[in-house]
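>>> compute the structure for the input listed below.
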Amino acid sequence: MTDKQLRRSKKSELIEMLYYMRKEVDRLSEENKELRERLDKLVGEAVSRPAASAGEEG
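Okay, here's the model as predicted:
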C-alpha cells in the first residue's frame, strides 16, 4: 500500500490494519520462540553426542 493510499484510508481501516499486523507479529514472535527452543535442543543434543561417543571409543 502506498503512502497516498494510507493517507486516504479511514481511521477505522487503519485501526483494522494495525490489529491484523499486530496479530501477525505476535504469531511470528511465538513461532520464532518455538524454533529457537527447538534449535537450542538440537544443538544441545549434537554437542553431547560426540562427547558421549568419544567416551565409548576410548
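
>>> give me the distance between the strand or helix carrying Arg36 and the centre of its chain.
Taking DSSP states H and E as the definition, one finds Arg36 inside helix 11-57. Relative to its chain's centre, helix 11-57 lies at 5 Å (Cα atoms, centre = their mean, to the nearest Å).

>>> which residues sit against the helix or strand of the chain with the lowest mean pLDDT?
Across the helices and strands of the chain, mean confidence by mean pLDDT, DSSP states H and E is lowest for helix 3-8: a mean of 86. Residues outside helix 3-8 that contact it (Cβ atoms under 8 Å, 6 or more residues apart in numbering) are Leu14. Quick note: C-beta positions are derived from backbone N, CA and C, even for glycine.

>>> mean confidence for stretch 41-49?
Taken as a whole, stretch 41-49 carries a mean pLDDT of 90.

>>> send the alpha carbons of that stretch over as CSV?
Written as CSV, here are the backbone C-alpha positions of stretch 41-49 (Å, rounded to 0.1, in the frame of the first residue of the first chain):
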residue,chain,number,x,y,z
LYS,A,41,17.6,-28.5,21.9
LEU,A,42,19.0,-29.9,18.7
VAL,A,43,22.3,-28.1,19.2
GLY,A,44,22.5,-29.4,22.8
GLU,A,45,21.9,-32.9,21.6
ALA,A,46,24.5,-32.6,18.8
VAL,A,47,27.1,-31.2,21.3
SER,A,48,26.5,-34.0,23.8
ARG,A,49,26.6,-36.9,21.3
